[in-house]
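**Q** Show me the folded form of this:
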Amino acid sequence: MAGLRLTGAIGKLLGYSALCSDPIWGAADGYAEAQQRSGIVSVHPGGTADIQKLVMARRIGIGRTTREEAGQLE
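**A** Next comes the predicted model:
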């Protein structure tokens, strides 16, 4: 939840300039905008990338004694 609090605090402090990477209007040379975009990723550790890594690891047999088979499409 710290990522969400940081993202919210930066948004309140810098306003709309935190959402812009423009050299004139953006805050902190675009670093604030990059943090705003990536802030939500740090909030939910079980996100899509982690799920994909888990599925791939199970299918190639890492961490288990038996491989998990892929689902069948009909």
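
**Q** any idea of the mean pLDDT in stretch 15-32?
**A** Averaging pLDDT along stretch 15-32 gives 86.

**Q** any idea how far the residue nearest to E69 when sequence neighbours are not counted is from T65?
**A** Closest residue to E69 apart from its sequence neighbours, by CB to CB, 6 or more residues apart in numbering: R59 at 7.7 Å. C-beta here means a position set from N, CA and C on the backbone, and glycine is covered the same way. To T65, R59 is 14 Å away according to CB to CB, to the nearest Å.

**Q** the more surrounded of those two?
**A** Legend: neighbour count by other CB atoms under 10 Å for R59 and T65, higher for R59 (12 against 5).

**Q** The residue nearest to E69: which element?
**A** Assigning secondary structure by DSSP states H and E places R59 in helix 48-60.

**Q** Which parts of that helix count as buried, going by neighbours?
**A** Buried residues in helix 48-60, counted by 16 or more other CB atoms under 10 Å: R58.

**Q** And the contacts of that helix?
**A** With CB atoms under 8 Å, 6 or more residues apart in numbering as the contact definition, helix 48-60 has outside contacts at 63-64, 67-70.

**Q** Please state the offset of it from the chain centre?
**A** Averaging C-alpha positions (CA atoms, centre = their mean, to the nearest Å) puts helix 48-60 16 Å from its chain's average.

**Q** swap in stretch 65-74?
**A** 27 Å.

**Q** Let's test this: name the helix or strand in the protein with the lowest mean pLDDT.
**A** Least confident helix or strand, the chain: helix 31-43 with a mean of 74, by mean pLDDT, DSSP states H and E.

**Q** Which helix or which strand is home to E68?
**A** Applying DSSP H and E, one finds E68 in no helix or strand.
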